[in-house]
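Trainee: attaching a predicted model along with its sequence, questions to come.
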Amino acid sequence: MNKRFHIFLVVCLAIGLTSCKIKYSLDGASIPIEAKTISVTFFANNTTLGSPSISQKFTEKLRDMVSTQTRLALMKQNGDLQFEGAITDYNISPVAIQSTDQAALNRLTITVNVKYTNKFDVTKNFEQAFTRFADYKTSSSLSSEEDKLLIEINRQLTEDIFNKAFNNW
């Protein structure tokens with residue numbers, strides 16, 4: 001009896017899993033089974049303060065994430081799933097005031113406007129601004145800290161974008 005139950009359970013699971021329309025990967029991402037390709041267009045820097053390299057660094061980070069976290073082939077344009085947008089804000093502001101007129105920390109904040117298109121399920125499409133920040137000591141200059149800050153902010157932004165597109169967060 002116990003052996004029959006296990007066989008029945010395995011058969012039911014196999015049938016149930018093969019009839020699903022959405023693929024669930026080990027990292028929790030849900031991607032339409034019909035999707036084979038993804039495109040991430042270049043995210044232009046539409047800010048006045050940001051260094052010229054922030055567009056390239058952000059775009060490459062998002063491309064790396066979707067190519068390593070999904071089974072989809074990366075295309076330059078017209079993928080089954082598409083990301084496009086622009087970096088719309090790059091702002092530096094003081095955050096931790098330690099004495100009169102002096103901050104202990106500055107904050108670099110970056111906002112990216114993202115449009116996501118899913119050719120197979122238009123209910124998953126979105127256009128949204130994503131904002132993240134990282135703090136650095138005022139005793140350091142932005143130019144000496146910027147690369148490290150961009151790595152952290154881009155990691156946070158791309159995780160947010162990936163989760164919104166593939167994990168419904």
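Mentor: Cool, the structure landed. Numbers count the residues shown, from 1 in each chain.
Trainee: any low-confidence regions in this structure?
Mentor: 1-29, 99-101, 169 (pLDDT under 70).
Trainee: helices along that one, start to end?
Mentor: All helices of the chain, identified by DSSP state H, fall at 2-18, 53-69, 142-166.
Trainee: where's the longest one relative to the chain centroid, distance-wise?
Mentor: Read it as helix 142-166. 9 Å (Cα atoms, centre = their mean, to the nearest Å).
Trainee: go on, the second one?
Mentor: When distances are taken as Cα atoms, centre = their mean, helix 53-69 is centred 9 Å away from the chain's centroid.
Trainee: what is the orientation angle of that helix with helix 142-166?
Mentor: 40 degrees (axes from the mean of the first three to the mean of the last three Cα atoms, to 10 degrees).
Trainee: need the contact partners of helix 53-69.
Mentor: Contacts with helix 53-69, where a contact means Cβ atoms under 8 Å, 6 or more residues apart in numbering, come from 25, 27, 29, 38, 40-45, 47, 72, 74, 83, 87, 90, 110, 112, 150, 154-155, 157-159, 161-162, 166. Every C-beta, even on glycine, is put in place using the N, C-alpha and C of the backbone.
Trainee: ok, back up a step: so which of the helices of the chain gets nearest residue 96?
Mentor: For the helices of the chain, the distance to residue 96 is smallest for helix 142-166, at 15.2 Å, taking Cβ to Cβ.
Trainee: the closest one - contacts with which helices or strands?
Mentor: helix 53-69, strand 81-99, strand 102-118, strand 126-137 (3 or more Cβ pairs under 8 Å, 6 or more residues apart in numbering; DSSP states H and E).
Trainee: may I have the second one exported as CSV, CA atoms only?
Mentor: Written as CSV, here are the backbone C-alpha positions of strand 81-99 (Å, rounded to 0.1, in the frame of the first residue of the first chain):
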residue,chain,number,x,y,z
LEU,A,81,10.8,39.9,-22.8
GLN,A,82,12.3,43.4,-22.9
PHE,A,83,13.8,46.0,-20.5
GLU,A,84,14.3,49.6,-21.6
GLY,A,85,14.6,52.9,-19.8
ALA,A,86,16.9,55.6,-18.5
ILE,A,87,18.8,56.8,-15.5
THR,A,88,16.7,59.8,-14.4
ASP,A,89,18.3,61.0,-11.2
TYR,A,90,21.7,61.1,-9.7
ASN,A,91,21.7,63.0,-6.4
ILE,A,92,24.2,63.6,-3.6
SER,A,93,22.8,64.9,-0.2
PRO,A,94,24.1,65.1,3.4
VAL,A,95,22.4,62.6,5.7
ALA,A,96,24.0,62.4,9.1
ILE,A,97,24.6,65.8,10.6
GLN,A,98,27.2,65.5,13.4
SER,A,99,27.6,69.2,14.3
